[in-house]
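J.: Give me coordinates for this.
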Amino acid sequence: MTTVGARLRTLIEAPEITVLPGVHDTLSALIAQSCGAKAIAAGGYSATASLLGRPDSSQLSLTELGDYYARIAERVEIPMLADGDTGFGNVTNVARTVKVLERAGVGGFFIEDQVFPKRCGHMAGKAIVGVEEMAGKLKAALDARQGDTMIMARTDAIATDGFQEAMDRMALYREIGADILFVEAPIDLDQLRRIPKELDGPCMVNQIDGGATPILSAKEAQDMGYAASAMPVTATHAVMKALQVFYGDLMKNGDLRDAMHHGLGFEAYTDLVGLPQQRATEQAYLDQARAFADGMTR
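T.: Numbers count the residues shown, from 1 in each chain. Model (predicted):
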């Protein structure tokens, strides 16, 4: 059976760009899969929102993230690109991060060169570690990898040291062995075009509504040369908007009849999460047990 890492690699290496819609939690991952997503992105921004209701600023522990990803990977069949944050420490911590995320069942993950505690890549006030420190972390991650999990290198150097520093860092990370290249927060179309043109390896563009980077369609990104396009946070924003409208209507007069039109309904939910199949499986086991018991009493 092909591993999720191998399936993600096939998608990344295909001529057609891989669209990676972001997910907020396990249910949204299931919905994305049902809508035709071939792979998903699950970043720390949405994980922190889902689990803590707090900003993306290194507040989740490695084990919390690992549990979050394991729950998603257990429920969906498509590969997931996850967030390895800064690796949660030095090279020793990075090696454990790799093991935890591989055990969780992700198809790939990135490690970034921000200082811990990090900030969302489109927030102000970022700081990055020295290139030697990040190079060591990336090498440790590659050495710790046991399976086909793809390892992505991310740099946030544009915001701190300029575009050329970011490109120089990413060229080094690729030489060390990074599978996918992620230059975070390019600020204009010229930078967006130069990244996949000048770097020797598959590149991902990160699409953040309200962020520093101009938004591209999948076709526009593909024409520029990107192998993948991730939209990691908008699902969380959509959940927030939908629930604000629902709760606002509900609290006007406390009458569910005036607010329940915002949802899809009980039957649609139970169909999506597989309740009919679950009940059929339970009944099949019960029927088998009864047949076995009848045979024993004859």
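J.: use CA for all of it now, contacts and neighbours both
T.: Will do.
J.: show me the contacts for the nearest residue to Phe116 once chain neighbours are set aside.
T.: Leaving out its chain neighbours, the residue that sits closest to Phe116 by C-alpha to C-alpha, 6 or more residues apart in numbering is Thr86, at 6.6 Å. For Thr86, the contact set (C-alpha atoms under 8 Å, 6 or more residues apart in numbering) comprises Ile111, Glu112, Asp113, Gln114, Val115, Phe116, Lys118.
J.: ok, 10 Å please
T.: Residues near Thr86 by C-alpha atoms under 10 Å, 6 or more residues apart in numbering: 58, 93-94, 97, 110-118, 128-129, 134, 137, 154.
J.: per-residue pLDDT, it?
T.: pLDDT for Thr86: 95.
J.: Renumber starting at 134 from here on
T.: In the new numbering, first residue 134, that becomes Thr219.
J.: For the stretch 184-333 of the chain, just list every one of the strands.
T.: 213-216, 241-245, 283-288, 313-316 (DSSP state E, counting those that start in this stretch).
J.: With Glu331 as the reference, measure out to Gln297.
T.: Distance of Gln297 to Glu331, given as C-alpha to C-alpha, to the nearest Å: 11 Å.
J.: Show me which of the contacts of Thr219 are buried.
T.: Among the contacts of Thr219, those classed as buried by neighbour count (16 or more other C-alpha atoms under 10 Å) are 191, 226-227, 230, 243-247, 249, 251, 261-262, 267, 270, 287.
J.: Out of the strands of the stretch 184-333 of the chain, flag the one nearest Lys385.
T.: Taking C-alpha to C-alpha, strand 213-216 is the member of the strands of the stretch 184-333 of the chain nearest to Lys385, at 39.1 Å.
J.: Name the residues that touch that closest one?
T.: Contacts for strand 213-216 (C-alpha under 10 Å, 6+ apart): 137-138, 141, 153-156, 162, 171-178, 180, 198-199, 202, 205-206, 234, 238-245, 282-285, 363, 365.
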